[in-house]
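K.L.:
For reference, the sequence and a predicted model appear below.
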There are 2 protein chains.
Amino acid sequence: MGKIEDAIRQREFKDPYNKAVVNLLFTHSYLVTLQNALFKPYDISPEQYNVLRILRGQNGVPTTVSSIQDRMLNKMSNASRLVEKLKTKGLLIREECPTDRRQVDVVISEKGLNLLRELEGKVEESNRTLIHLTEEEVRQLNDLLDKMRG
Amino acid sequence: MGKIEDAIRQREFKDPYNKAVVNLLFTHSYLVTLQNALFKPYDISPEQYNVLRILRGQNGVPTTVSSIQDRMLNKMSNASRLVEKLKTKGLLIREECPTDRRQVDVVISEKGLNLLRELEGKVEESNRTLIHLTEEEVRQLNDLLDKMRG
DNA sequence: GTGAATTTAATGTATATACATACAAATGTA
DNA sequence: TACATTTGTATGTATATACATTAAATTCAC
């Protein structure tokens, strides 16, 4: 694939900051395209996978919708609707919180845990192979991204 | 904002590759949230802005929908519908191609050019301020992203 | 304790992505 | 030329994002 200039047929950028924004947007598209392909056979989207991982990270402790939202990669997403989709698929259990009736308690189901187990190795392998960098370079990338957001 | 671990309240990652994927997804969300806010007063989306820039880059030469698609950051997007939206707003002109009636010729309108001129400085400034890196570091980031995609 | 303010979740609407499919026009081939 | 294939664009449907609004439950102030 190589340089962004070839990929989107743009000769040059105004400055490296401008290029970085475009490069990040394009790289995101590269990532999610591959992720979609990975998850498609399991009838799940990358966002739904992420919610399931958040729930598993709670180790069985019920989580509210707003807490899921907080931990999501996209803060503007709509945890409420994603939870509804996952419930329909039987991948999580949602019930009214007894101590605060505004909230709902969400827990990953056995079926959800099994799906995560099935996907785990594939996701890990995919993450490694789609990033063509040495371990030292990936660490650099992570540091730059963390610093970049200020 | 700082480290991704704090931002999404995840204690640790399996390996730096895994972290990089999450970090890229999260950074993308950070970027587009700020871009949306920038473009909103002009009643335009980041994707629509990108299409207008592609058209301006043609310097008045008519462009087909598939050529726009090729140059877009997201290859799976739907140039046809974006062009339709921009036409409704009067930001571009779309007409049947005389030599090949399957194709449509798309050219940016004067109104579209004016909008780009109005936005130009703001976008450039925004791109600089939302990336908290030195020029040397941004170049590094660009190189890593280019290399990462293989 | 009552009413205002806040919190939590759900819903409504517009936009965009992802992918399949349809259809017309152009091209290639026998 | 006739017909199959390919190309260019549009459309249909499901999912997700972005953001405003609603409604119910809780908390706070008095």
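P.N.:
Thanks, I have it.

K.L.:
Mind giving me the packing neighbours of whichever strand or helix holds A:Glu118?
P.N.:
Assigned by DSSP states H and E, A:Glu118 belongs to helix A:110-130. For helix A:110-130, the elements it packs on are helix A:16-39, helix A:46-56, helix B:16-39, judged by 3 or more Cβ pairs under 8 Å, 6 or more residues apart in numbering or on different chains; DSSP states H and E. In this view, the C-beta of every residue, glycine as well, is placed from N, C-alpha and C.

K.L.:
after the shortest one comes which helix or strand?
P.N.:
Toward the C-terminus, helix A:46-56 is succeeded by helix A:65-71 as the next helix or strand (DSSP H and E).

K.L.:
Leaving out the residues flanking it, which one is nearest to the most centrally placed residue in chain A?
P.N.:
When Cα atoms, centre = their mean is applied to chain A, the residue found nearest the centroid is A:Asn50 (4.6 Å). Nearest residue to A:Asn50, sequence neighbours excluded (Cβ to Cβ, 6 or more residues apart in numbering or on different chains): A:Leu73, at 6.1 Å.

K.L.:
Provide the secondary structure category for the one you found.
P.N.:
At A:Leu73 the chain is in coil, as set by DSSP: H, G, I helix; E, B strand; the rest coil.

K.L.:
Report how many residues lie close to it.
P.N.:
Around A:Leu73 there are 22 other residues, counting by other Cβ atoms under 10 Å in any protein chain shown.

K.L.:
Quick one: distance of the lowest-mean-pLDDT helix or strand in chain A to the chain centre.
P.N.:
Using mean pLDDT, DSSP states H and E, the weakest-scoring helix or strand in chain A turns out to be helix A:4-7, at a mean of 85. Average the C-alpha atoms of helix A:4-7, do the same for its chain, and the two points are 25 Å apart (Cα atoms, centre = their mean, to the nearest Å).

K.L.:
so does the helix holding A:Glu118 get close to DNA strand C?
P.N.:
No: Helix A:110-130 is not in contact with DNA strand C by Cβ under 7 Å from any atom of the strand; minimum separation 13.9 Å.

K.L.:
Pull out the buried positions in that helix.
P.N.:
Within helix A:110-130, the residues scored as buried using 16 or more other Cβ atoms under 10 Å in any protein chain shown are A:112-113, A:115-116, A:119, A:123, A:126-128, A:130.

K.L.:
DNA strand C contacts on chain A?
P.N.:
With Cβ under 7 Å from any atom of the strand as the criterion, chain A comes near DNA strand C at residues A:29, A:32-33, A:36-37, A:40, A:64-67, A:69, A:78, A:80-81, A:83-84, A:94, A:97, A:100, A:102-104.

K.L.:
burial count for the closest residue to A:Asp43 other than its chain neighbours?
P.N.:
In this structure, A:Asp43 finds its nearest non-sequential neighbour in A:Lys89, 7.4 Å apart by Cβ to Cβ, 6+ apart. Using other Cβ under 10 Å, the number of residues around A:Lys89 comes to 14.

K.L.:
Give me the distance between A:Lys89 and A:Glu118.
P.N.:
With distances taken as Cβ to Cβ, to the nearest Å, A:Lys89 is found 14 Å from A:Glu118.

K.L.:
What of A:Val107?
P.N.:
A:Val107 is 19 Å from A:Glu118, where distance means Cβ to Cβ.

K.L.:
Show me the domain layout of chain A.
P.N.:
Listed by automatic domain parsing, the domain ranges of chain A are A:1-42, A:44-120.

K.L.:
Pick out the shakiest of those domains, pLDDT-wise.
P.N.:
Of all the domains of chain A, domain A:1-42 carries the lowest average pLDDT, namely a mean of 89.
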